[in-house]
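Undergrad: Curious how this folds, go ahead:
(one chain, ligands or ions: 1)
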Amino acid sequence: MKIGLISIISIVLLSACLQAQTAFDRHFVEKTMRVDFILAGNNVQQAAYLLELKQEPLWGGGQINLIDSLGYGEYRFTISDFVSMEPLYSRGFCTLFEEWRTTAEAQAVDKAFYQSITFPYPQNKVFFKLEERKKDGTYQALLSIAIDPEDPNISKEQLPQYDVVKVVDGGASANMIDFTFIAEGYKSEEMDKFVADVKRMAAYILSQEPYKTHRNKFNFWAVCSPSDDSGTDNPRGDEWRRTAVNSSFNTFYIDRYLETADVFSIRDIAACAPYDHICVLVNSEKYGGGGIYNHFSIGTADHPMAEQVMLHEIGHGFGGLADEYYTSDVAYQNFFDLKVEPWQPNITTMVNFNAKWKHLIEEGVPVPTPSDKKYEKTTGVFEGGGYVEKGVFRPAINCRMKTNEAKGFCAACQEAIVNMIEFLTD
Ligand SMILES: [Zn+2]
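TA: Numbering: from 1, shown residues only. Okay, here's the model as predicted:
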């Protein structure tokens, strides 16, 4: 009888343990699977070509909400169990390539861009599917492959090892959002400056809503990746620098557009620390930056508006937010189709406004809302946004996603960032 009772207790405890095991524990281990590929094409067509699979030693992404419920991004990938085809992990993302496809150059020439995505390392064979979002909002497959985690040709090559400083320590990475800054255009002897620059950026970001309210959910890391030269490429000034991730101003011939296509170097460096989002900090006083959803954010360290710019770029890169400005010079043509509701949470074409910030608009506020000083602090529907003057609407007269002079993010942007924080941590 005694043995029987112990057996029953053991069975009860065992089943409780099994229930407590999460989907992450059942299907993944705390390492990263990285898929390197190429996206190539022009303004009308694109294709994806697999390059290499890699195993990286850390996994900094979340271990909950493995299936994407936000629906952001021009692309998405899904990892499914190879036998049951049950989806195990999915994420949306954007690329520099899809932005390039909207430029005039893409009408004249085919180009290829490096691309890389990561997901937690699977325990068993999985099916990887990459899809592009079509104009009408449906998805079309670009690349489908079986991935066997035991494949001996998955590279386990040692990645570069750089000093890592945990600048803000909120807690264990599995439960936190890790913003990981990597050094670009800092020479070895400038790493004290880099760490101080990251501390300044982190302090600013965490002083701004909604990050301020949720500051206990963030870690900030600084990866001290040295460059041979200080600064970055500035083609208009004929200044060329040998740097860690080959960033450059004048992307798509827009002076302030600071970007890099060298995503493999970025991934190699970022792998030194756990990360949910990669920020490239460029050692320059010049004005500029860029942010691409679930790809990376990039900005300079020393321009007087550098903190505001970095916060804006992280709005794109982490929050999936659109630009709310529409009068500045950009390279894009017809970036938004007015017949389709864009996926970005802070602009609308009014095709499906119910899915956006309608619930934030108080009774009596006219829709569309006139750009009148009286509505300066009101959440409304103001015409102009997403590089388009007519037919695209934004939530506020001013916002961090519109100008550097704005007081902060508008209510719709704040709500979207909170949704992202909760998706990754709750
Ligand atoms: Zn906004």
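Undergrad: Please list the residues of the protein that sit near the ion.
TA: Asn346, Cys399, Met401, Cys410, Cys413 (Cβ under 5 Å from the ion). For glycine as for every other residue, the C-beta is placed from the backbone atoms N, C-alpha and C.
Undergrad: please redo it, this time with the cut-off set to 6 Å
TA: The chain has residues Glu324, Asn346, Pro395, Ala396, Cys399, Met401, Phe409, Cys410, Ala412, Cys413 near the ion, with proximity defined as Cβ under 6 Å from the ion.
Undergrad: Which parts of the stretch 251-400 of the chain are helices?
TA: 263-270, 306-317 (DSSP state H, counting those that start in this stretch).
Undergrad: now the ones you listed in CSV, with mean neighbour count and mean pLDDT?
TA: Formatted as CSV, the helices of the stretch 251-400 of the chain follow (neighbours: other Cβ atoms under 10 Å; pLDDT from 0 to 100):
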stretch, mean neighbour count, mean pLDDT
helix 263-270, 23, 97
helix 306-317, 24, 98
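Undergrad: Which one of those lies nearest to Gln158?
TA: Closest approach to Gln158 among these is made by helix 263-270 (10.4 Å; Cβ to Cβ).
Undergrad: Residues in contact with the closest one: which ones?
TA: Residues outside helix 263-270 that contact it (Cβ atoms under 8 Å, 6 or more residues apart in numbering): 34, 36, 56, 114-116, 118, 159-160, 162, 180, 182, 223, 225, 244-246, 260, 278, 280, 295-296.
Undergrad: Give me the most central residue, the protein.
TA: Asn294 (2.2 Å; Cα atoms, centre = their mean).
Undergrad: Contact partners for the residue lying closest to that residue once chain neighbours are set aside?
TA: In this structure, Asn294 finds its nearest non-sequential neighbour in Phe93, 3.7 Å apart by Cβ to Cβ, 6 or more residues apart in numbering. Taking Cβ under 8 Å, 6+ apart, we find Phe93 in contact with Gly73, Glu74, Tyr75, Arg76, Phe77, Ile117, Tyr293, Asn294, His295.
Undergrad: Kindly list the longest strand within this structure.
TA: In the chain, with assignment by DSSP state E, the single longest strand is strand 28-41.
Undergrad: and after that one, which helix or strand comes next?
TA: strand 46-56 (DSSP states H and E).
Undergrad: Mind giving me the packing neighbours of that following strand?
TA: Packed against strand 46-56, as judged by 3 or more Cβ pairs under 8 Å, 6 or more residues apart in numbering; DSSP states H and E, are the following elements: strand 28-41, strand 111-122, strand 139-147.
Undergrad: Please enumerate residues in contact with whichever helix or strand comes after the second one?
TA: What that stands for is strand 111-122. Following strand 111-122 in sequence order, the next helix or strand is strand 126-133 (DSSP H and E). With contact meaning Cβ under 8 Å, 6+ apart, strand 126-133 is reached by 35, 37, 46, 48, 73-82, 85, 88, 117, 139-147, 149, 343.
Undergrad: quick revisit: any chance you could read off phi and psi for the residue nearest to Asn294?
TA: Here is the backbone geometry of Phe93 (degrees, to the nearest 10): phi -160, psi 170.
Undergrad: residue ranges with poor pLDDT in this structure?
TA: The model of the chain has pLDDT under 70 over residues 1-20, 334.
Undergrad: Show me how the chain divides into domains.
TA: 24-147, 164-317, 364-425 (automatic domain parsing).
Undergrad: For the closest residue to Gly385 other than its chain neighbours, give its distance to Pro368.
TA: Using Cβ to Cβ, 6+ apart and skipping residues adjacent in sequence, the residue nearest Gly385 is Arg394, 3.5 Å away. Taking Cβ to Cβ, to the nearest Å as the measure, Arg394 falls 10 Å from Pro368.
Undergrad: Now for the two: what residues contact both?
TA: With the criterion set as Cβ under 8 Å, 6+ apart, the overlap between the contacts of Arg394 and Pro368 is Val381, Phe382.
Undergrad: ok, these two, which is more surrounded?
TA: Arg394 (29 against 11; other Cβ atoms under 10 Å).
Undergrad: Specify the beta-bridge partners of the closest residue to Gly289 other than its chain neighbours.
TA: In space, and not counting its chain neighbours, Gly289 is closest to Gly299: 3.5 Å by Cβ to Cβ, 6+ apart. Applying DSSP bridges to Gly299 gives these bridge partners: Leu281, Gly289.
Undergrad: related to what we said a few turns ago, now mean neighbour count too, for the helices and strands packed on strand 46-56, in TSV please.
TA: What follows is the helices and strands packed on strand 46-56, written out as TSV (neighbours: other Cβ atoms under 10 Å):
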stretch	mean neighbour count
strand 28-41	20
strand 111-122	20
strand 139-147	14
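Undergrad: with the residues of the chain next to the ion in mind, which one is nearest to Asp229?
TA: Nearest to Asp229 among the residues of the chain next to the ion, with distances taken as Cβ to Cβ, is Met401, at 32.4 Å.
Undergrad: Do I have it right that that closest one meets Tyr326?
TA: No: the criterion here is Cβ atoms under 8 Å, and Met401 misses it with Tyr326 at 11.5 Å.
Undergrad: quick one, which of those two is more surrounded?
TA: Met401 (29 against 18).
Undergrad: ok, for the closest residue to the ion within the stretch 1-150 of the chain, nearest residue in space, not its chain neighbours?
TA: Of all residues in the stretch 1-150 of the chain, Tyr72 sits closest to the ion, at 15.0 Å by Cβ to the ion. Once flanking residues are discounted, Tyr72 sits nearest to Gly320: 3.8 Å by Cβ to Cβ, 6+ apart.
Undergrad: List the contacts of the one you found.
TA: Leu70, Tyr72, Gly73, Gly92, Tyr293, Asn294, Trp343, Gln344, Pro345, Ala416, Met420.
Undergrad: try 10 Å this time
TA: Neighbouring residues of Gly320 by Cβ atoms under 10 Å, 6 or more residues apart in numbering: 70-73, 92-94, 291, 293-294, 343-346, 416-417, 419-420.
Undergrad: Generate a ChimeraX selection restricted to the buried subset of these.
TA: Burial among the contacts of Gly320 is assessed by 16 or more other Cβ atoms under 10 Å; the matching ChimeraX selection reads:
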select :70,72,73,92,93,94,291,293,294,343,344,345,346,416,417,419,420
